[in-house]
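Trainee: sequence-free structure coming up:
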Ligand code: ATP
Ligand code: MG
């Protein structure tokens, strides 16, 4: 036997037992974004490497260590997208969607990062994100946070996630703060790791973002960026806090929240949870007013977030909220012998015409009553239609309730659609 080929480490199959949960997550996301008037955008999975270097920043974990970068056959440097924002901005600039316009967009798809695979951290993962362009005020920051909060409510996990917010101020305020921070970090140099020492030179704010507990401890008394905000940013942040207070969204101001990407300014936020162990951030985002210009467009404000869908799915599984999803099959249609197979088939096709929202599975492969009923039960269907020669002769089907103790009943084919409509409340 030849050796089986395995999937790439950190890249997961989504098996049929899990796809219903993923579909449930995705359809609720679609419903929520639609309820806020956001439009979907789809961009390629591969982009020029420069796009990510210029947007995410050269001195970041993603660009330094995590990108899947390769030369294509023309020797162009390409990269599998590690996140969605850069591509959305690139597409927006390229197609003239951004300047002098307001856009409320969302996307959902695979992202790729070469990280050490572990629970909640993979090399191929999925993000759902929203990106809003052309709006400057805290009202839209509050809206995207509201939208994420509505998702938690929808999935029944509002009690399991906490909102952390911070402000990174303006570029000028950050530059002034950097000096204070560097002076502080120099006093703690012996406690910093190699990465942090390098960042102390190239991008000191990133040191605050370190995942190393020793470094985290060393920087816990560092001066706080939020105490050095410029007046406009301070007003913006206050405006956001007031809106969240008014809308009943609880939050914690976390001065250490700087986010791992360079393009953010002013508002940054994360939704975190204790239910996933080390990988506690389910959703992360913020404002990126400079990014559109940085990528060659005309200055346009932007704000958005991304949710790691594997982490959301893991949460639903951990909390046992992945049960009682819509069954894959509502009705299982049997055919007791070959002479009634086509009668059963015609009956079910007519039902699909009449009730397209009902999920029906036709039995295939023959077998006796017992075997067919076993399959019917395994399908998860609510009822089975039993179809044999007697039923065909009388133009009826027999309804067998699979999940409740109820007597079997005969229904005329001409009244079947109506009967099923009532039964399923549609
Ligand atoms: P982390 O601090 O966990 O590495 P990050 O700051 O790198 O996250 P972002 O780039 O902000 O993450 O991406 C937004 C969200 O995407 C994260 O909050 C997380 O839910 C998800 N995410 C990021 N990287 C991965 C990954 N390798 N596997 C699964 N989900 C991920
Ligand atoms: Mg990361």
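Mentor: Cool, the structure landed. Quick caveat, the model's predicted, so the values are computed rather than measured. Ligands and ions are numbered 1, 2, ... in the order given.
Trainee: in this protein, which residue sits nearest ligand 1?
Mentor: residue 308 (2.3 Å; Cβ to the nearest ligand atom). Bear in mind the C-beta positions are built from the backbone N, C-alpha and C, glycine included.
Trainee: surely that residue touches residue 282?
Mentor: Yes - here residue 308 reaches residue 282: they are 6.3 Å apart, a contact under Cβ atoms under 8 Å.
Trainee: neighbour-wise, which of the two wins?
Mentor: For residue 308 versus residue 282, neighbours defined as other Cβ atoms under 10 Å are more numerous around residue 282 (26 against 23).
Trainee: would you say the more buried one is within a helix?
Mentor: No - counting by DSSP: H, G, I helix; E, B strand; the rest coil, residue 282 falls outside a helix, being strand.
Trainee: how much space between residue 190 and residue 201?
Mentor: Distance from residue 190 to residue 201, counting by Cβ to Cβ, to the nearest Å: 16 Å.
Trainee: least trustworthy helix or strand in the protein by mean pLDDT?
Mentor: helix 61 (a mean of 87; mean pLDDT, DSSP states H and E).
Trainee: what's the following helix or strand past that helix packed up against?
Mentor: Sequence order places strand 68-71 as the next helix or strand after helix 61, per DSSP states H and E. Secondary structure elements in contact with strand 68-71, counted by 3 or more Cβ pairs under 8 Å, 6 or more residues apart in numbering; DSSP states H and E, are strand 77-80.
Trainee: let's see 10 Å
Mentor: On a contact count with 3 or more Cβ pairs under 10 Å, 6 or more residues apart in numbering; DSSP states H and E, strand 68-71 meets helix 49-56, strand 77-80.
Trainee: can you list the strands that it pairs with?
Mentor: Sheet partners assigned to strand 68-71 using DSSP bridges are listed as strand 77-80 (antiparallel).
Trainee: get me the contact residues on the stretch 101-250 of the chain for ligand 1.
Mentor: The stretch 101-250 of the chain comes close to ligand 1 at residues 113, 115, 120, 121, 122, 125, 127, as judged by Cβ under 6 Å from any ligand atom.
Trainee: so who does the fourth one touch?
Mentor: Neighbouring residues of residue 121 by Cβ atoms under 10 Å, 6 or more residues apart in numbering: 10, 113, 115, 276, 278, 279, 308, 310, 311.
Trainee: got it, and the fifth one?
Mentor: Listed by Cβ under 10 Å, 6+ apart, the contact partners of residue 122 are 9, 10, 11, 12, 111, 112, 113, 115, 279, 308, 310, 311.
Trainee: any idea how this structure splits into domains?
Mentor: For the chain, automatic domain parsing gives the domain ranges 16-169+229-318, 331-423.
Trainee: name the stretch among those domains that sits most buried.
Mentor: Comparing the domains of the chain by mean neighbour count (mean count of other Cβ atoms under 10 Å), domain 16-169+229-318 comes out on top with a mean of 18.
Trainee: pretty sure residue 136 sits against residue 265.
Mentor: No - the pair formed by residue 136 and residue 265 falls short of the contact definition of Cβ atoms under 10 Å, at 11.5 Å.
Trainee: so residue 128 sits in a helix?
Mentor: No - secondary structure of residue 128 (three-state DSSP): strand, not part of a helix.
Trainee: ok, residue 326 - how many residues close by?
Mentor: Residues contacting residue 326 under the criterion other Cβ under 10 Å number 11.
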